[in-house]
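Visitor: Fold the following, please.
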Amino acid sequence: MQDITQIYDHSEYGEAYDGMARHVSAMSGLDRIIFEDCDLVSGKVCAPHENLVPYPHWLSVDYVAHKCGCSYKEAKDLLECWLILDATQEMVETFIKWTKLKAVNDLDRLICMGKEAYQLSMTKDQAGVFWTEYNIQKARLESKIKLGPVARIFIKRIAKANGNLASLGAYLYKVQKGRSKARSPTPS
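Guide: Numbering: from 1, shown residues only. Modelled structure (predicted):
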């Protein structure tokens, strides 16, 4: 094999070039690829590679399954729903957060999550999916709340008010000031 330094007129490149050319010519093919194309990062050789998938990493089943802590089938189902909504990376990350909080058992946490979602610029479809899930979860949590007798009286009064908010407001004001006792409305 001919020495690489003999092929090129190295006089115009200088001594450093000559040293590198001799060093590289003695390498195997793999060593030369690693030397020319790779970087040493934290003690590991890192090679550049093409992204051969036609979608970004945040739309992969592996990524969603890992982030959500769910099975690949569940991640695939989630991704199919999200793709229908033309989800952006921000939306996917937000959906992942919501999915992780699906076991949320605290109404205050759910309300905070709703406030965060309200700040996002979602499409009509994205908002529809979120608020539907939000309201289902909220109803589930509210159904577990044990109401005391006074709270049940207030809820009956509100239901019976039938849009007459002035009389309801007056009633609540009187109860608050101690001028009236919270009594169940009379059946009609």
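Visitor: ok, which stretches of this protein are strands?
Guide: For the chain, the strands defined by DSSP state E cover 39-41, 44-46.
Visitor: Please parse this protein into its domains.
Guide: Following automatic domain parsing, one gets these domains for the chain: 4-46, 57-143, 146-188.
Visitor: Turn these into JSON lines, columns for mean pLDDT and mean neighbour count.
Guide: Every residue, glycine included, has its C-beta placed from N, CA and C. Compiled in JSON lines, those are given as follows (pLDDT from 0 to 100; neighbours: other Cβ atoms under 10 Å):
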{"stretch": "domain 4-46", "mean pLDDT": "75", "mean neighbour count": "11"}
{"stretch": "domain 57-143", "mean pLDDT": "82", "mean neighbour count": "14"}
{"stretch": "domain 146-188", "mean pLDDT": "79", "mean neighbour count": "11"}
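Visitor: Grab the nearest non-local neighbour of Pro56.
Guide: Gln89 (6.8 Å; Cβ to Cβ, 6 or more residues apart in numbering).
Visitor: repeat for Val61
Guide: If the residues on either side of it in the chain are set aside, Val61 comes closest to Ala75, at 4.8 Å by Cβ to Cβ, 6+ apart.
Visitor: got it, and Arg183?
Guide: Ile153 (6.7 Å).
Visitor: Leu83: what's it in contact with?
Guide: By Cβ atoms under 8 Å, 6 or more residues apart in numbering, the contact set of Leu83 is Leu59.
Visitor: Can you give me the distance of it to Tyr63?
Guide: Per Cβ to Cβ, to the nearest Å, Leu83 is found 14 Å from Tyr63.
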